[in-house]
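[1] just to be clear, the model below is a prediction. Sequence and coordinates:
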Amino acid sequence: MATNLDLDDLSAVFARLPRNPRVVVSGNAATPRSVIDVLDQSVDEFTLHLLNAIRELPDRDGITLETAFVGPAMRGKANLRYIPCRLSLLPLLYKRNLPPDAVVVHTSVPHDGAVSLGIEVNVLPAAIEAAKARGAVVIAAVNPAMPATSGDAVMCLDNFDFLVEVNDSLLSFTSGTPDQASRMIGERISEHIQTGSTLQLGIGGVPDAVLGALGSSRDLKIWSETISDGVLTLDQRGALSDEVPVRTSFIMGSDRLYEWVDANPRVSMIRTEVCNDPAQISQNPSMVSINGAIEIDLHGQANASRVRGQVYSGFGGSTDFIVGAIHSPGGQSFMALPSWHPKADTSTIVAALTCPATSFQQTAVVTENGVAWLFGASETEQAAHLIDHAAHPRARAQLREAAAQMFAGAR
């Protein structure tokens, strides 16, 4: 049975961890900063492992920041240890290559002998199982502010060694108004979403624009790695299915969204091994996957993880959902991005990537200029479609010259 502790008592627990322990904690909007502060004060050397670190983290000698998806709080850090990995495979690494010495999850308050992982399920159940299998410590940072979500979020108290009450605020995000390019991309993609489709969308201007452009679509299902306020808007519009719950792995949005998911039976949280499993994704009819990229080359390869050669994010779940969506009956996978990068003053459609590819073989690439259909086209047809329908007009002549050289003699 889990033992209740005060936050100050955790120092003794952390002091008993092995040398340079790997501590896996909740990421995204649910990082339990108060517990991490105690860890920082109690242990000279440790590895802190989490996904998409947004909230500021301790940064000193002796701390290694480890992740398979780099967030703003880790980006560019000298002590970053980036693990390239598709998100669906990360749970396997906890069993094999990245065994946790401690796991700290941010949870709701206990109810009926269980807590909820709230807005961050993701890879955490797998981390807890890997920790328990090797006798490592598992801690629940219990927070009255954490929504109680259902599905794989519900964890029996027997899974935990210690419960400690915290009052950390959850990070909330308010989406701004999508810019003109995002609105145009959203409108183009929405034309290929039908009543009854299942959607996977990320967070940002393009996903919000897609959802805002759906108009009269009804009976929409959600099977998505993450959701934000756009899904709440669909619910208010009556566009979501009444029979199939919203299925997701983590949640990032406004306080209104967190209130909506709290004890809401129409939202079911799914662990990553299921949510990001291409075979599971493909079971959703008319699956529409929408992901973003930094640049795409004439081979149809997308770079969504590196800027100027340095890791910016990671593989995430884009590859998982591209494969799953294309295998779905009537499914499609869209890669969306503006055709021109205003800050760099350069085309986002390039002749060839200079960085490692994050993904490839999506159904189509969508910019504000049009839809470039790629799946099933020859290499020369792919390049032509990208140039004619996705690239910015300022870049087309140069890209045609590059394509002529790259595909000389190809059909």
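    It's in. All values reported here derive from a predicted model rather than from experimental measurement. Residues are numbered from 1 along each chain as shown.
[2] could you list the domains of the chain?
    3-165, 180-406 (automatic domain parsing).
[3] for L171, which of the ones you listed is the nearest?
    domain 3-165 (4.1 Å; CB to CB). To be clear about C-beta, it is placed using only N, CA and C from the backbone, and glycine gets the same treatment.
[4] what about the closest one, start to end distance?
    Distance across domain 3-165, first residue to last, is 12 Å (CA to CA, to the nearest Å).
[5] how far is that domain from where the chain is centred?
    In this view, domain 3-165 has its centroid 17 Å away from the chain centroid, taken as CA atoms, centre = their mean, to the nearest Å.
[6] tell me who's in contact with the nearest residue to P338 once chain neighbours are set aside.
    Take P338 and drop its neighbours on the chain: the residue closest to it by CB to CB, 6 or more residues apart in numbering is A181, 4.3 Å away. Taking CB atoms under 8 Å, 6 or more residues apart in numbering, we find A181 in contact with 338-339, 367-368.
[7] the host helix or strand of A181: which residues count as buried?
    Taking DSSP states H and E as the criterion, A181 maps to helix 180-190. Across helix 180-190, burial judged by 16 or more other CB atoms under 10 Å covers 181-190.
[8] what's the answer for stretch 206-218, then?
    Those would be 206-214, 217, for stretch 206-218 by 16+ other CB under 10 Å.
[9] first-to-last residue distance for it?
    So stretch 206-218: terminal residues 20 Å apart, CA to CA.
[10] and the contacts of it?
    Counting by CB under 8 Å, 6+ apart, 175, 178, 182-183, 185-187, 189-190, 193-197, 201, 220, 228-231, 233-234, 238-239, 290, 292, 336-337 sit against stretch 206-218.
[11] now, which of the residues you listed lie within helices?
    If you go by DSSP state H, the contacts of stretch 206-218 have 182-183, 185-187, 189-190, 229-231, 233-234 in helices.
[12] specify which member of the residues you listed is nearest to N276.
    Once CB to CB is applied, the member of these that ends up nearest N276 is V231, at 17.8 Å.
[13] contacting residues for D388?
    Counted by CB under 8 Å, 6+ apart, D388 has contacts 370, 372, 396.
[14] which one (most neighbours) among those residues?
    Counting neighbours by other CB atoms under 10 Å, A372 comes out on top of the contacts of D388 with 24 neighbours.
[15] is it true that that residue lies in a helix?
    No: counting by DSSP: H, G, I helix; E, B strand; the rest coil, A372 is not part of a helix but strand.
[16] quick check: it touching A364?
    Yes: counting by CB atoms under 8 Å, A364 is a contact partner of A372 at 6.0 Å.
[17] so E273 sits against L90, correct?
    No: assessed by CB under 8 Å, E273 is found out of contact with L90, at 9.1 Å.
[18] list the residues that contact both of the two?
    With CB under 8 Å, 6+ apart as the test, E273 and L90 both reach A126.
[19] which of the two has more residues huddled nearby?
    Per other CB under 10 Å, whichever of E273 and L90 has more neighbours is L90, with 25 against 19.
[20] next one, pLDDT for the more buried one please.
    On the pLDDT scale, L90 is placed at 97.
[21] quick one: secondary structure of it?
    helix.
[22] just the angle for the lowest-mean-pLDDT helix or strand in the chain relative to helix 180-190, thanks.
    Counting by mean pLDDT, DSSP states H and E, the chain has its least confident helix or strand at helix 205-212, which shows a mean of 83. Using axes from the mean of the first three to the mean of the last three CA atoms, to 10 degrees, the direction of helix 205-212 lies 50 degrees away from that of helix 180-190.
[23] starting at the chain centroid, how far to helix 205-212?
    The answer for helix 205-212 is 16 Å, by CA atoms, centre = their mean.
[24] give me the number of residues near R55?
    R55, neighbours per other CB under 10 Å, totals 19.
[25] leaving aside the residues next to it on the chain, what's closest to it?
    T31 (4.8 Å).
[26] for D320, same thing?
    Nearest one to D320, counting by CB to CB, 6+ apart, is N276 at 4.1 Å.
[27] contacts only, for the one you found.
    Contacts of N276 by CB under 8 Å, 6+ apart are 86-88, 225, 249, 317, 320-321.
[28] most neighbours out of these, which is it?
    F321 (31 neighbours).
[29] so it is in which element?
    helix 318-327.
[30] just how off-centre is that helix within its chain?
    14 Å.
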